[in-house]
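**Student:** here are the coordinates; sequence isn't available:
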């Protein structure tokens with residue numbers, strides 16, 4: 001009996017079950033959001049909440065879940081290549097708006113780092129925690145590398161990147177609507193520069209031009225943030 005229970009636990013926490021469960025939860029979250037388009041019911045936010053709750057109830061460590069669903073992570077990484085297609089199709093529009101895009105990216109990179117670090121400094125937290133928050137508006141691999149090089153805590157940075165992306169995807173469209181951003185290029189650029197991959201997914205759902213601009217914002221903001229973060233940290237931290 002003990003062996004049978006152990007076998008069932010092994011199957012339940014195996015890659016096939018974990019991957020299938022994660023995909024089903026996300027599919028259900030998308031259907032729920034389609035019927036009830038409330039910002040806090042965004043599919044990514046709902047999926048994360050449900051998965052975290054289930055892992056906690058089952059007593060499954062996150063490391064075990066991450067290893068079991070590594071195939072999903074791999075698929076997401078290579079899917080970034082697909083972003084080149086909308087960029088290619090919208091290249092003429094992006095080229096016409098190159099000065100505005102460049103200005104927006106510089107502004108986004110500077111504000112993204114400073115606005116993430118200053119609140120932690122006001123709270124008088126450990127400097128390494130403040131440094132860990134600096135690159136959270138860019139994709140996880142870049143953010144973790146920048147954080148580690150600057151003396152931050154990469155694991156904390158990774159968690160903050162996820163929170164930033166979800167928050168941007170959930171409240172970003174509402175914020176842009178309130179401040180009156182209607183230009184499609186500006187809309188997409190803001191989502192990609194502030195909420196990286198999750199924001200870009202939200203932008204793609206709105207339209208190809210928004211998705212292309214968001215993809216460009218994601219890439220350029222990542223490169224510029226990696227370059228200027230050490231300098232900005234020296235200025236902010238003294």
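**Tutor:** Nice, I can see it. This structure is a prediction, so every number in the text was calculated from the model and none was measured.

**Student:** Let's check: the centremost residue of this structure is which one?
**Tutor:** Residue closest to the average C-alpha location in the chain (Cα atoms, centre = their mean): residue 165, at 3.4 Å.

**Student:** Relative to residue 195, how far out is that residue?
**Tutor:** As for residue 165, its distance to residue 195 is 5 Å (criterion: Cβ to Cβ, to the nearest Å). Yep, even glycine has a C-beta here, placed from its N, CA and C like the rest.

**Student:** I'd assumed residue 171 was in contact with residue 202.
**Tutor:** No: with contacts counted by Cβ atoms under 8 Å, residue 202 stays clear of residue 171, the gap being 10.8 Å.

**Student:** Can you pick out the residue with more neighbours from these two?
**Tutor:** residue 202 (25 against 15; other Cβ atoms under 10 Å).

**Student:** can you pull the contacts of residue 192?
**Tutor:** Each residue near residue 192 by Cβ atoms under 8 Å, 6 or more residues apart in numbering is listed here: 199-200, 203, 213-218, 221.

**Student:** In three-state terms, label it for me.
**Tutor:** helix (DSSP: H, G, I helix; E, B strand; the rest coil).

**Student:** returning to what we had before: Serialize the contacts of residue 192 to JSON lines and add fields for pLDDT and distance to residue 28.
**Tutor:** JSON lines is the format used below for the contacts of residue 192 (pLDDT from 0 to 100; distance: Cβ to Cβ, whole Å):
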{"residue": "199", "pLDDT": "88", "distance to residue 28": "22"}
{"residue": "200", "pLDDT": "89", "distance to residue 28": "23"}
{"residue": "203", "pLDDT": "90", "distance to residue 28": "23"}
{"residue": "213", "pLDDT": "93", "distance to residue 28": "30"}
{"residue": "214", "pLDDT": "93", "distance to residue 28": "26"}
{"residue": "215", "pLDDT": "91", "distance to residue 28": "27"}
{"residue": "216", "pLDDT": "92", "distance to residue 28": "32"}
{"residue": "217", "pLDDT": "92", "distance to residue 28": "30"}
{"residue": "218", "pLDDT": "91", "distance to residue 28": "27"}
{"residue": "221", "pLDDT": "93", "distance to residue 28": "32"}
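
**Student:** Please flag which of the residues you listed sit within helices.
**Tutor:** Among the contacts of residue 192, the residues falling in helices (DSSP state H) are 199-200, 203, 213-218, 221.
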